[in-house]
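Trainee: have a look at this fold, sequence not included:
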């Protein structure tokens, strides 16, 4: 039951302290609000007036006025005791790490969450989060890689990285690749950014596929692109022919490509024999990260393909080529930096970082 406290009598010291709290800009907002409440009651304001000025309810006025009457200045302070203090000792930190990396949850889950591990060990989930952040642990994320089994990995990788870091003078270096089986999806609803109240449809119609050949110029960052209905060795040779035609006559051309079987046929060998100025450099197996064109393919996937709506193969081809033309108006070059040249280039380690 609420008992109305109409007036409160304050001493000069109490009024001065409550005024300081009410006017403080550095203190807690809830403390200032309670101090204003006691000052208004001491000034003789009615509860209706106080409700209007402080935007509060009768229960708020009743609770804090009673506490002030009972405890004076100590009354308006919060009563939240908080949780028991805990200390992160080296032993507890080692225990959290051991459970994180060596053991699995007993409920059948594949990995721990901060709350699940905190509850299991009887510690705060925030303490678990701090330990994970300190040691760069992210059990909820998946990150996989495949080590190259190429016996000549170091030689091939050094050859390609050398073309990036110290390209030959008066020669052009191209990263060449194919993005195959691009689907021409005609979606019922366009894929738009998520927003409240918007539902996305999932229905679509297939209009076929095509392949995109691209040659990324490592010096200018411009891209020469071409679409093809099929991904064959003949199409690859035709694209290399276009690449040669678009360069100055007699200019040395270095082409970096992956180990696809279409790149190592008799047709390709005949083309290289007929064009001695063209040199083909193959990346090691499972090392597509060495080919810069793969990063550019990821870009066109995000910008055009993933959310695109294409009514036909012709429509898809038109959008891809239009994107390449617009990209070539303001291409972005890539800088390769080797931070520790003394380190050996091995399948499991690399000292090279790409900055675009």
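Mentor: That came in fine, so what should we check first? Predicted model, so just to flag it, every value in this text is computed and none were measured.
Trainee: what number of residues lie near residue 98?
Mentor: Residues contacting residue 98 under the criterion other CB atoms under 10 Å number 10. Bear in mind the C-beta positions are built from the backbone N, C-alpha and C, glycine included.
Trainee: let me fix that: residue 210
Mentor: Around residue 210 there are 21 residues (other CB under 10 Å).
Trainee: could you look up the SS state of it?
Mentor: Of the three states, residue 210 takes strand under DSSP: H, G, I helix; E, B strand; the rest coil.
Trainee: contacts only, for the closest residue to it other than its chain neighbours.
Mentor: Setting aside the residues directly before and after it, residue 210 is nearest to residue 227 in space (CB to CB, 6 or more residues apart in numbering), at 5.2 Å. By CB atoms under 8 Å, 6 or more residues apart in numbering, the residues touching residue 227 are 210-213, 317, 320-321.
Trainee: try 10 Å this time
Mentor: When contacts are counted by CB atoms under 10 Å, 6 or more residues apart in numbering, residue 227 touches 179, 182, 210-214, 235, 313-314, 316-318, 320-321, 324.
Trainee: equivalent analysis for residue 251, please.
Mentor: Residue 251 neighbours (CB under 10 Å, 6+ apart): 170-172, 244, 277-278.
Trainee: ok but the residue nearest to residue 210 is inside a strand, no?
Mentor: Yes: using three-state DSSP, the assignment for residue 227 is a strand.
Trainee: quick one: residue 126 and residue 118 touch, right?
Mentor: Yes: using CB atoms under 10 Å, residue 126 is in contact with residue 118, at 7.9 Å.
Trainee: of the two, which one has the most company?
Mentor: Comparing residue 126 with residue 118 by neighbour count (other CB under 10 Å), the higher total belongs to residue 118, at 18 against 12.
Trainee: what ranges do the strands span in the stretch 151-300 of the chain?
Mentor: Secondary structure of the stretch 151-300 of the chain by DSSP state E, counting those that start in this stretch: the strands cover 171-187, 204-217, 223-228, 252-257, 278-282.
Trainee: can I get these in CSV including distance to residue 305?
Mentor: As requested, those are exported to CSV (distance: least, CB to CB, whole Å):
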stretch, distance to residue 305
strand 171-187, 6
strand 204-217, 9
strand 223-228, 12
strand 252-257, 22
strand 278-282, 26
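Trainee: can I get those in JSON lines including distance to residue 309 and mean pLDDT?
Mentor: Formatted as JSON lines, the strands of the stretch 151-300 of the chain follow (distance: least, CB to CB, whole Å; pLDDT from 0 to 100):
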{"stretch": "strand 171-187", "distance to residue 309": "5", "mean pLDDT": "90"}
{"stretch": "strand 204-217", "distance to residue 309": "9", "mean pLDDT": "89"}
{"stretch": "strand 223-228", "distance to residue 309": "18", "mean pLDDT": "93"}
{"stretch": "strand 252-257", "distance to residue 309": "32", "mean pLDDT": "94"}
{"stretch": "strand 278-282", "distance to residue 309": "37", "mean pLDDT": "94"}
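Trainee: so which of those strands comes closest to residue 143?
Mentor: Closest to residue 143 of the strands of the stretch 151-300 of the chain, according to CB to CB: strand 171-187, at 23.2 Å.
Trainee: surely residue 206 meets residue 182?
Mentor: No: Residue 206 is not in contact with residue 182 according to CB under 10 Å; the separation is 11.6 Å.
Trainee: so for the two, which residues contact both of them?
Mentor: residue 310.
Trainee: these two: which is more packed in?
Mentor: Using other CB under 10 Å, the more surrounded residue of residue 206 and residue 182 is residue 182, with 22 against 10.
Trainee: pretty sure that one is touching residue 229, no?
Mentor: No: Residue 182 lies out of contact with residue 229 (CB under 10 Å); the separation is 11.2 Å.
Trainee: okay, and the common contacts of these two?
Mentor: With CB under 10 Å, 6+ apart as the test, residue 182 and residue 229 both reach 208-211, 313, 317.
Trainee: among the residues you listed, name the buried ones.
Mentor: 210-211, 313, 317 (16 or more other CB atoms under 10 Å).
Trainee: out of the residues you listed, the closest to residue 32 would be?
Mentor: residue 317 (66.3 Å).
Trainee: distance of that closest one from residue 168?
Mentor: 34 Å (CB to CB, to the nearest Å).
Trainee: cool, residue 235 as well?
Mentor: 28 Å.
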